[in-house]
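Trainee: quick check, what structure comes out for this input:
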Amino acid sequence: MVGGLSAGGVALAMSSLLVAVHALLLPGGHWMADEFLVAETDARNGWRSVLGRFWFWSPRPAAELLGTPYLLLAHALQRPLAAPFLCALWVGTAAGVAWAARLAGERHPWRLSVLLFALLLCLSRPDQMFFWPLATVAYLPCWAGLAVAAMLLRSDREFPRLLPAALLLAAFSAEVGAATVLLGIALMMLPGMAGRTGFRSAIREERWMMLAAAGALGICVLVATARVSTMSEIFDRGSGLGGSWPRSLLASVPAFAAALPAVPGMPWWAGAAAKTALLFGLPAPDAEPRRRRRLFAWGLALLGGAWLSVLLALHQFGALCCSRHASLRQGMILLALLCFAALLPRKGRPVGSPRGREARLWLVPLVLAVLLCGRLPVVAGDLHRLPAFLRAREAEWRSGRSAGDAMMLRVGPGGRLFGGPDWKPGSLVRANGGEPGFGLDGIAAFFNKRRIEARPVP
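Mentor: Below you'll find the model as predicted:
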């Protein structure tokens, strides 16, 4: 304690402020072309549309369970409802992580949850993972599942059903979550199973973990046989990486090495110093984790999953895409640091002087202070842009709901943090009665218009 202030209290104040100023930007949550297309096809075709996406494109049952009712409601009301939906996902994620931390015996579960959420917002550009509903509904629950698993593994208690449930949430929310879960279960369980007398008895003892592994494996197989096999998403064909596993594998090593110390607005050495400070400063559990091997294995799996996200992006897109992937990647690196922090020497052990132990408690507030100084001016700039952004969006939806067969989209700059729609200037005339396509065609179909034009904001 310094001057009557505790490090934990200062960290809570700073992390709460970081979350609060980002929450001011929630009205800037916005639809991209995907929401219009998915909402329209779901409204037309019902569960056939959902099952089609699941089997042939993106198997994300948890994301579909949350996102489909939201899009159908927005379609029925002809309102985006982005801000309340995003707010519910933010609050649900923080509450879920805090609940898991409480079950795991953390002394300050909400403090730790808010701290992790604030760091997740600041370790990359948050526009897609936090302000784009169809990305948020997949990537934020995926991170929440991974975070809950990390919390439970930091405890000295056993959670034979809750831990597999958290892993299934991650696996059923996003594909990289499924790959991480599969890798994590393998690293956590295979060494222990090798020393047991009967393989079948080991399976029976860990049947819930085997269920989570089966679910994650199923997602991975569906993705590999459908979306990955088509190779229809190569954005940068000139790189020579798209569709080439050997080249993507070689390129992924330096790309992931660059991602490890990355922090927006910092040179690599400052980012490395900040993350090292987090490693030594993040709160450690009071009790010694009895499953140290599993906790270490889960930390390795999180890093392995973050690397896989780089490899798969290079193979699938030919380049590192997109900011939502970068946000989840940084969130996984953060959770790996949380796991490893619990394995470091703590108070109660004769390591270091009391003054040195007290100094380590202030490492996290120091990192938060640096992040706060860098992020507040950007938030202020986005708050200045937000009113014009909201007026343009309201004009778009008013045009879409108006009588007649034509509508106008406004193409204008979004925010540096909350992003913006990806409309391009242009026009389109729809064929009557056809199935909606991506882009302007899907937007016109959503509003039942034949003609649509996108113009720059003057």
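Trainee: please count neighbours and contacts with C-alpha atoms only from this point.
Mentor: Will do.
Trainee: would you mark the buried spots in the host helix or strand of Ala63?
Mentor: Using DSSP states H and E, Ala63 sits within helix 61-77. For helix 61-77, the neighbour count (16 or more other CA atoms under 10 Å) marks 61-64, 66-68, 70-72, 74-75 as buried.
Trainee: would you mind identifying the next helix or strand past that helix?
Mentor: Counting by DSSP H and E, the next helix or strand C-terminal to helix 61-77 is helix 82-103.
Trainee: average pLDDT across that following helix?
Mentor: Averaging pLDDT along helix 82-103 yields 97.
Trainee: name the helices or strands packed onto that helix?
Mentor: On a contact count with 3 or more CA pairs under 8 Å, 6 or more residues apart in numbering; DSSP states H and E, helix 82-103 meets helix 109-122, helix 127-131, helix 133-153.
Trainee: now with 10 Å?
Mentor: Here helix 82-103 touches helix 7-23, helix 61-77, helix 109-122, helix 127-131, helix 133-153, helix 162-171, going by 3 or more CA pairs under 10 Å, 6 or more residues apart in numbering; DSSP states H and E.
Trainee: thinking again about what came up before, make a markdown table out of the buried residues of helix 61-77 and add pLDDT and distance to Leu300.
Mentor: Below are those laid out as a markdown table (pLDDT from 0 to 100; distance: CA to CA, whole Å):
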| residue | pLDDT | distance to Leu300 |
| --- | --- | --- |
| Pro61 | 96 | 26 |
| Ala62 | 96 | 25 |
| Ala63 | 96 | 26 |
| Glu64 | 95 | 29 |
| Leu66 | 96 | 30 |
| Gly67 | 96 | 31 |
| Thr68 | 96 | 34 |
| Tyr70 | 97 | 35 |
| Leu71 | 97 | 36 |
| Leu72 | 96 | 39 |
| Ala74 | 97 | 40 |
| His75 | 96 | 42 |
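Trainee: Serialize these to a markdown table and add fields for distance to Asp382.
Mentor: Shown next, in a markdown table, are the buried residues of helix 61-77 (distance: CA to CA, whole Å):
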| residue | distance to Asp382 |
| --- | --- |
| Pro61 | 34 |
| Ala62 | 31 |
| Ala63 | 28 |
| Glu64 | 30 |
| Leu66 | 28 |
| Gly67 | 27 |
| Thr68 | 30 |
| Tyr70 | 26 |
| Leu71 | 26 |
| Leu72 | 30 |
| Ala74 | 26 |
| His75 | 28 |
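Trainee: strands of the protein, start to end?
Mentor: Counting by DSSP state E, the chain has strands at residues 406-411, 426-429, 451-456.
Trainee: which one of those is the most hemmed in?
Mentor: Most buried of the strands of the chain, by mean neighbour count (mean count of other CA atoms under 10 Å): strand 406-411, with a mean of 22.
Trainee: contacting residues for the closest residue to Ile185 other than its chain neighbours?
Mentor: Nearest non-adjacent residue to Ile185, counting by CA to CA, 6 or more residues apart in numbering: Ala213, 6.7 Å away. Residues near Ala213 by CA atoms under 10 Å, 6 or more residues apart in numbering: 164, 167-168, 171, 178-179, 181-186, 207, 219.
Trainee: just name the lowest-scoring one in those, pLDDT-wise.
Mentor: Checking pLDDT across these, the minimum falls on Arg207 at 83.
Trainee: neighbours of Leu190, how many?
Mentor: Neighbour count of Leu190, defined by other CA atoms under 10 Å: 10.
Trainee: what's the pLDDT at the closest residue to His315 other than its chain neighbours?
Mentor: Computed as CA to CA, 6+ apart, the closest residue to His315 that is not its neighbour in sequence is Gly242, at 4.5 Å. pLDDT, Gly242: 84.
Trainee: ok, Val228 next?
Mentor: pLDDT for Val228: 76.
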